[in-house]
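Enquirer: I'd like to go over a predicted model; first the sequence, then the structure.
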Amino acid sequence: MSGALCISIDVELAWGVWDRPDPESLTRAAEERSIVRALVAMFERHDVSATWAIVGRLLDRDPARRPELWFAPEVIDTIRAAKVPQDIGSHSYAHVYFTDTPREELRRDLAHARQVHDAHGLPFTSFVFPKNRVAHTDLLAEAGVRVFRSVDRGWHIDARERFGATAGRVANLVDKLLPITPRVVEPIRHGDLVELPSSMLLMARNGLRRAAHPAAVRAKARRGLEAAVETGKTFHLWFHPSNFYFDGERQLAILEDIVTEAASLRRRQGLEIRPMSAYAC
Ligand SMILES: [Zn+2]
């Protein structure tokens with residue numbers, strides 16, 4: 001395979017914080033609509049197909065919940081109507097945490113998600129675990145998923161394992177602040193199911209994270225793209241639309257620079273830009 005950029009996006013509105021719905025998170029959730037529109041327009045400009053992992057309940061109206069926060073069929077329509085085809089995947093039905101939910105409940109959640117996707121004519125090929133809590137992958141295969149995202153395994157994770165949590169946190173921050181090359185990844189086959197680890201999170205620009213200078217974020221992503229071309233591996237970038245809530249214009253500009261660079265490497269060096277579903281075997 002030639003080197004590639006893969007972008008995956010977790011679309012959830014308030015479902016991402018259903019267990020801790022503080023006012024600020026809810027305000028952010030309501031902004032996801034306009035952010036998704038801006039992202040889709042950007043992907044159309046640069047001919048980018050990305051994966052959008054959606055919470056199934058966004059398509060099931062619950063009369064007891066405020067629709068502007070919990071129900072968003074128009075967001076999925078926006079993605080589906082993109083002039084460049086996008087991969088719509090699953091982020092579970094109700095944003096359940098796979099590491100601490102009984103198997104039978106997980107099985108039911110996945111069956112519900114599958115039903116919603118089938119009812120709306122959406123594929124069910126790509127899957128992103130809520131909170132990236134990877135577990136019970138056999139249940140994904142059973143539900144028909146073909147590719148799932150697993151967690152960044154950067155050097156800062158190794159630091160945490162070797163030197164403990166504090167060292168891990170410091171290393172994580174240093175990793176985000178400096179343009180250290182992110183790890184490029186390869187798909188890992190588990191029978192019919194493919195695991196695609198992530199390389200880099202495009203972080204929100206609030207709190208301490210504002211210290212990550214846009215130039216450092218861009219440089220880091222550029223190194224990831226160059227490493228993908230050199231090695232034939234994949235630079236897998238991921239984020240939530242809500243990561244564009246703080247300092248949104250600047251954050252969109254950062255992503256547009258990354259995507260522009262990728263499109264240029266595609267023309268000059270054959271880099272591919274492909275969604276998670278393209279890794280299905
Ligand atoms: Zn999520």
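Expert: Looks like it came in fine.

Enquirer: pLDDT below threshold where in the protein?
Expert: 1, 153-160, 173-179, 207-211 (pLDDT under 70).

Enquirer: list phi and psi for V217.
Expert: Taking degrees, to the nearest 10, you get phi -60, psi -50 for the backbone angles of V217.

Enquirer: make that W238, sorry
Expert: The phi/psi pair for W238 (degrees, to the nearest 10) reads phi -140, psi 160.

Enquirer: what about it, how many neighbours?
Expert: 23 (other C-beta atoms under 10 Å). No exception for glycine: its C-beta is placed from N, CA and C like everyone else's.

Enquirer: for it, give the beta-bridge partners.
Expert: S8, L201 (DSSP bridges).

Enquirer: how about the contacts made by it?
Expert: 7-10, 128, 149, 198, 200-202 (C-beta atoms under 8 Å, 6 or more residues apart in numbering).

Enquirer: tell me what whichever strand or helix holds S34 is packed against?
Expert: Using DSSP states H and E, S34 falls within helix 32-46. Identification of packing neighbours for helix 32-46 by 3 or more C-beta pairs under 8 Å, 6 or more residues apart in numbering; DSSP states H and E yields strand 4-11, helix 73-80, helix 248-269.

Enquirer: give the pairing partners of the following helix or strand past the longest one; include direction for each.
Expert: On the C-terminal side of helix 248-269, the closest following helix or strand by DSSP H and E is strand 272-273. When pairing is defined by DSSP bridges, strand 272-273 lines up against strand 4-11 (parallel).

Enquirer: and the contacts of the helix or strand following the partner strand?
Expert: Next along the chain after strand 4-11, taking DSSP H and E as the criterion, comes helix 23-30. Outside helix 23-30, the residues within contact range by C-beta under 8 Å, 6+ apart are 12-14, 16-17, 68-69, 242, 245.

Enquirer: gap between helix 23-30 and the chain center?
Expert: Taking C-alpha atoms, centre = their mean, to the nearest Å, one finds the center of helix 23-30 at 19 Å from the center of the full chain.

Enquirer: and that helix, which residues are buried?
Expert: Residues 26, 28-30 are the ones in helix 23-30 that count as buried (16 or more other C-beta atoms under 10 Å).

Enquirer: just to check, V194 is in contact with V145?
Expert: No. V194 is not in contact with V145 according to C-beta atoms under 8 Å; the separation is 9.5 Å.

Enquirer: most proximal residue of the stretch 101-250 of the chain with respect to the ion?
Expert: P130 (4.6 Å; C-beta to the ion).

Enquirer: more neighbours: which of V194 and V145?
Expert: V145 (23 against 20).

Enquirer: my guess is that one meets L193, correct?
Expert: Yes. At 6.9 Å, V145 and L193 qualify as touching, with contact defined as C-beta under 8 Å.

Enquirer: picking that back up, just put the buried residues of helix 23-30 in CSV and tack on distance to A167.
Expert: Shown next, in CSV, are the buried residues of helix 23-30 (distance: C-beta to C-beta, whole Å):
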residue, distance to A167
L26, 35
R28, 31
A29, 34
A30, 38
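
Enquirer: the ion next: which of those residues are close?
Expert: With the criterion set as C-beta under 5 Å from the ion, no member of these is near the ion.

Enquirer: return the member of those residues nearest to I54.
Expert: Nearest to I54 among the buried residues of helix 23-30: A29, at 13.6 Å, using C-beta to C-beta.

Enquirer: list the contacts for W70?
Expert: Taking C-beta under 8 Å, 6+ apart as the test, what W70 contacts is 13-15, 57-58, 62.

Enquirer: between those, which is nearest the ion?
Expert: Distances from the ion to those, taken by C-beta to the ion, are shortest for W15, at 7.3 Å.

Enquirer: test my guess that that closest one contacts L58.
Expert: Yes. Under the criterion of C-beta under 8 Å, W15 makes contact with L58 at 6.9 Å.

Enquirer: list the buried residues in the next helix or strand after the helix holding S34.
Expert: For helix 32-46, the succeeding helix or strand toward the C-terminus, using DSSP H and E, is strand 51-54. By neighbour count on 16+ other C-beta under 10 Å, the buried set for strand 51-54 is 51-54.
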